[in-house]
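*Asks:* Could you work out the structure for the sequence below:
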Amino acid sequence: MLRYYRIKAYLNASHFVVFDGKKGETHPHTWEFVATVYTTKDDIIKFTEPEKIIMNIFEPYQNKVMNELAPFDAIIPSLENMTEYFAGQISEAVKPMEYHLRRFEGSETPVRTYGVRFPEADGSEKEADADEVEAALGRLERSFEFND
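*Replies:* Prediction:
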């Protein structure tokens, strides 16, 4: 059996972007991030453990200007860059607890989401385990579509 959680976290912060050498206005967002973590261990996942890790990763950025904090003082804090950076941080942080990050998505609006999916080499003992997570996520997402 493969056990997993989809954990949502919100980051309230501001940022600006630079296009064609011009700095845009600093503006606030409430970004929504969704992490899917799983384990192939026989123990039940305690959702509070990966949830605490995720919240601790976001905490230094809460209510700040992203461009003023590393690594976003060197890279543009776009939705894509933020999603990829936080996915890497979370993936590494949950490994000591024998959890694995399978998917990570970031949204800056309800209609704009960017995501990354980690390959089966992320610690899944079998490709079928990773596929089981994807199939379950698909079923979950379809159930939300019918309930909207």
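*Asks:* Does the residue nearest to residue 85 when sequence neighbours are not counted belong to a helix, a strand or coil?
*Replies:* Distances taken as CB to CB, 6 or more residues apart in numbering place residue 71 nearest to residue 85, at 6.2 Å, with adjacent residues excluded. From N, CA and C alone the C-beta is placed, and that goes for glycine too. At residue 71, secondary structure determined by DSSP: H, G, I helix; E, B strand; the rest coil is coil.
*Asks:* Across the sheet, point out what pairs with the spatially most central residue of the chain.
*Replies:* With the centre of the chain defined as its mean C-alpha position, the nearest residue by CA atoms, centre = their mean is residue 104, 3.5 Å away. The residues listed as beta-bridge partners of residue 104 by DSSP bridges are residue 35, residue 116.
*Asks:* Show me where this structure has its helices.
*Replies:* 48-58, 79-94, 127-147 (DSSP state H).
*Asks:* Can you flag the weakest of these by average pLDDT?
*Replies:* Among those, helix 127-147 carries the lowest mean pLDDT, at a mean of 64.
*Asks:* related to what we said a few turns ago, which residues does the residue nearest to the centre of the chain contact?
*Replies:* 33, 34, 35, 36, 83, 86, 87, 90, 91, 115, 116, 118 (CB atoms under 8 Å, 6 or more residues apart in numbering).
*Asks:* Can you get me the start-to-end distance on stretch 70-79?
*Replies:* In terms of CA to CA, to the nearest Å, the two terminal residues of stretch 70-79 are separated by 15 Å.
*Asks:* and that stretch, how far from the chain's centre?
*Replies:* In terms of CA atoms, centre = their mean, to the nearest Å, the gap separating the centre of stretch 70-79 from the centre of its chain is 16 Å.
*Asks:* Stretch 36-49 now?
*Replies:* Chain-centre distance of stretch 36-49: 16 Å, with CA atoms, centre = their mean.
*Asks:* quick check, nearest of the contacts of residue 104 to residue 51?
*Replies:* residue 35 (9.0 Å; CB to CB).
*Asks:* Quick check: the gap between the closest one and residue 53.
*Replies:* Shown here: residue 35 relative to residue 53, a distance of 9 Å by CB to CB, to the nearest Å.
*Asks:* Repeat that for residue 14.
*Replies:* Remark: distance between residue 14 and residue 53 (CB to CB) = 24 Å.
*Asks:* again with residue 84
*Replies:* 18 Å.
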